[in-house]
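K.L.:
Let's see this in three dimensions:
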Amino acid sequence: MPGGRLTQQERQQIALGLADGLAYAEIARRLERPTSTVTREVLRNGGPTGYRADLAHRATEHRAHRRKPAAPRSPGTTSTAHGRDPEAVRAYEEEFTTLLMASGLPRMTARVMTCLYTTDSGSLTAAELVQRLQVSPATISKSIALLEGQGLVRRERDERRRERYVVDDDVMYQSTITSARATAQLGEAARQGVRVLGSGTPAAVRLENIARFVDFISESITRAAEQAREILHSQAEAAPEEPEALAQNSTDSVESRP
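P.N.:
Residues are numbered from 1 along each chain as shown. This is a model prediction of the structure:
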């Protein structure tokens, strides 16, 4: 399997594959490259509809020329703590960031989220994020605002009155509930359309079916999140429950829904 940077010819093949509607995995298979390499390349350079091989190649060359060596991380950070392999950690962080970008997050916001989620403490200050990611405080502030709006991080003050950005199990619960509420709002909007378009009309029937579907999804997500939170919290206070038991409990909850 070839390694190193993508060549201009490979970028042209990526562009042709996108034009043909091929999935990232298929393009990667033809290039004998990891799927993450192709995904990262496309998302960095205009996305699937705006990718241009020549522009992507020039942009990569430009970044390579102006890139400065990253400031070394202080002892005890994610890359070196607990005997971790720094190269493996960096590769994982890049993979995780690429996955978050594919889900819709801007690249810098995805980098901030990855940094927080792979930090042992589960929290960092703005200054620590600036140092780790080598970006401006304004960039960190913008990314945190976006993550906070989606319930993916929360703010708190430490003993030195510094504002810290925190990720933990409760943040994931709150984020899931926020998502479920947004889904429920879609159902309400669909029902409003039924009233406007007239009950019984083809368009209204379609919207009513959408409303019923998203209602079910929203209720299921909320129920599953609350149940998972209760089970996981009880595990911290009692003997750990097997993963199969957690999955079975969730299945039973869905099956028992009227």
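
K.L.:
Mind checking the pLDDT average for stretch 112-127?
P.N.:
Averaging pLDDT along stretch 112-127 yields 91.

K.L.:
And that stretch, how far out from the chain middle?
P.N.:
How far stretch 112-127 lies from its chain's middle: 14 Å, per Cα atoms, centre = their mean, to the nearest Å.

K.L.:
And it, end to end?
P.N.:
Start-to-end span of stretch 112-127 (Cα to Cα, to the nearest Å) is 12 Å.

K.L.:
quick one: which helix or strand includes residue 203?
P.N.:
According to DSSP states H and E, residue 203 maps onto helix 202-237.

K.L.:
Could you tell me how far that helix lies from the centre of the chain?
P.N.:
For helix 202-237, the distance to the chain centre is 20 Å (Cα atoms, centre = their mean).

K.L.:
residues of stretch 209-221 that come out buried?
P.N.:
When neighbours are counted by 16 or more other Cβ atoms under 10 Å, the buried residues of stretch 209-221 are found to be 210, 211, 214, 215, 217, 218, 220, 221. For glycine as for every other residue, the C-beta is placed from the backbone atoms N, C-alpha and C.

K.L.:
On the pLDDT front, check the second one for me.
P.N.:
Meaning residue 211. For residue 211, the model assigns a pLDDT of 93.

K.L.:
Quick check, it in contact with residue 192.
P.N.:
No: at 9.3 Å, residue 211 does not count as touching residue 192 under the criterion of Cβ atoms under 8 Å.

K.L.:
TSV for the buried residues of stretch 209-221, including distance to residue 101?
P.N.:
Compiled in TSV, these are given as follows (distance: Cβ to Cβ, whole Å):
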residue	distance to residue 101
210	28
211	31
214	26
215	30
217	24
218	26
220	27
221	23
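
K.L.:
number of nearby residues for the closest residue to residue 42 other than its chain neighbours?
P.N.:
The shortest distance from residue 42 to any non-neighbouring residue, by Cβ to Cβ, 6 or more residues apart in numbering, is to residue 51 (5.2 Å). The number of residues packed near residue 51 is 20, by other Cβ atoms under 10 Å.
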